[in-house]
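Trainee: Return atomic coordinates for the entry below.
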Amino acid sequence: MEKFINHIQLGYLGLLPFLGCVGWPLIAGSNAVNLDFFTFYSIAILAFMTGNLWHAGQQTHADAIKAIIPILPIGFLSFLPSSWILAWLAASFWLVLLFEKSTPQWQTYHVDYQKMRFVLTSVVFVCHIFVIGMSIYPE
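Mentor: Numbers count the residues shown, from 1 in each chain. I've put the predicted structure just below:
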């Protein structure tokens, strides 16, 4: 368990910007800067998570491609409305979790880490839904 405790603490700390971007508009009103920050932070975290799935030389070609599928379309999605980008990002966090659960390493992870990954993905997904709603109905 001790080797996962830092991962668990850092995982929960990584939620703070997501939660802050949901809470801030409720306090100060919705704005484009908040939406942009949330989107960019979400892209950065998703890229980090997909990078963790990349095990160069230790996985099949199909698993390597599967690991980067969620992040590949981000450049193209940037031309679409923000709600579409956020919907892709929300779904992609679930994809990353599903891909991670399908790896042989998943079985070696402590149950607390596995639980934390599910909780984080769920909270991040709900944050995306809230921000999508705030972007569609800003007032």
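
Trainee: biggest helix in the protein, by residue count?
Mentor: For the chain, the helix with the greatest residue count under DSSP state H is helix 111-136.

Trainee: other SSEs contacting it?
Mentor: Packing partners of helix 111-136 (3 or more C-beta pairs under 8 Å, 6 or more residues apart in numbering; DSSP states H and E): helix 2-13, helix 15-28, helix 32-53, helix 82-101. In short, each C-beta sits where N, CA and C put it, glycine included.

Trainee: which stretch in those helices has the least confidence?
Mentor: If you rank those by mean pLDDT, helix 2-13 sits at the bottom with a mean of 78.

Trainee: Report pLDDT for the residue nearest to Q114 when sequence neighbours are not counted.
Mentor: By the measure of C-beta to C-beta, 6 or more residues apart in numbering, the closest residue to Q114 outside its immediate chain neighbours is W106, 7.2 Å from it. If you check W106, the pLDDT there is 89.

Trainee: How much space separates W106 from M116?
Mentor: Distance of W106 to M116, computed by C-beta to C-beta, to the nearest Å: 13 Å.

Trainee: again with H7
Mentor: 8 Å.

Trainee: Those two: who's more crowded?
Mentor: More crowded of H7 and M116, by other C-beta atoms under 10 Å: M116, with 18 against 15.

Trainee: Hmm, L13 and the more buried one touching each other?
Mentor: No. Using C-beta atoms under 8 Å, M116 and L13 do not qualify as a contacting pair, with a distance of 11.6 Å.

Trainee: quick revisit: quick one: the residue nearest to Q114 from L72, how far?
Mentor: Distance of W106 to L72, given as C-beta to C-beta: 22 Å.

Trainee: can you check F37 too?
Mentor: 23 Å.

Trainee: Those two - which one has more neighbours?
Mentor: F37 (15 against 11).

Trainee: Mind listing what's buried along the longest helix of the chain?
Mentor: Residues 113-114, 116-117, 120-121, 123-125, 127-128, 130-132, 134-135 are the ones in helix 111-136 that count as buried (16 or more other C-beta atoms under 10 Å).
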